[in-house]
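Q: Mind folding the following:
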Amino acid sequence: MKRTALLHAELSHLIATLGHGDLVVIGDAGLPVPPGPQRIDLAVTRGVPRFTEVLAAVLSEMEVESATIAREACSAADGALPPWCAMLAVEPQCVNHAQLKRLSRQARAVVRTGETTPYTNVVLSAGVVF
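A: This is a model prediction of the structure:
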């Protein structure tokens, strides 16, 4: 059995095979998965698993060079990033939701969570550890 946090076989394999610049999307339950990228569907029911739980597990094993989120996820009042962005080691780039969905077409995989908070999606770009 693995010693690290991530036990899901497909997700672990995906991260192990990423190359520099490869994209992985972690999305809410409503994010459309375009044809092309591998679909890793973790959603069991509303809220299970939560986006933050999946993001934490992925970040425990993936070197992230950059991240992209939908501008619509930011606070309407002051434009503040969602609290879960604090989990990222990089400041995310903000694009509109339509652009984020187009970007997801280039991803190696889209990971679907049970999250039901609108616009809780992130595109992670793989970095290198050396």
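Q: From residue 83, how far off is the closest residue to residue 37 other than its chain neighbours?
A: In this structure, residue 37 finds its nearest non-sequential neighbour in residue 107, 4.4 Å apart by C-beta to C-beta, 6 or more residues apart in numbering. In this view, the C-beta of every residue, glycine as well, is placed from N, C-alpha and C. Noted for residue 107: a distance of 24 Å to residue 83, by C-beta to C-beta, to the nearest Å.
Q: likewise residue 10?
A: According to C-beta to C-beta, residue 10 and residue 83 sit 28 Å apart.
Q: the more surrounded of the two?
A: residue 10 (14 against 9; other C-beta atoms under 10 Å).
Q: So which bits of stretch 90-106 are buried?
A: Applying a neighbour-count criterion of 16 or more other C-beta atoms under 10 Å, one finds 92, 94, 95, 97, 100, 101, 103, 104 buried in stretch 90-106.
Q: Contacts for it, please.
A: Contact with stretch 90-106 is made by 23, 25, 27, 31-34, 36-37, 64-72, 74, 81, 85, 110, 119, 121-123, as judged by C-beta atoms under 8 Å, 6 or more residues apart in numbering.
Q: and if we set it to 10 Å?
A: Contact with stretch 90-106 is made by 21-25, 27, 31-37, 64-74, 79, 81-82, 85, 110, 118-119, 121-125, 127, as judged by C-beta atoms under 10 Å, 6 or more residues apart in numbering.
Q: all helices for the chain, in order.
A: Remark: helices assigned in the chain by DSSP state H are 9-16, 51-59, 97-104.
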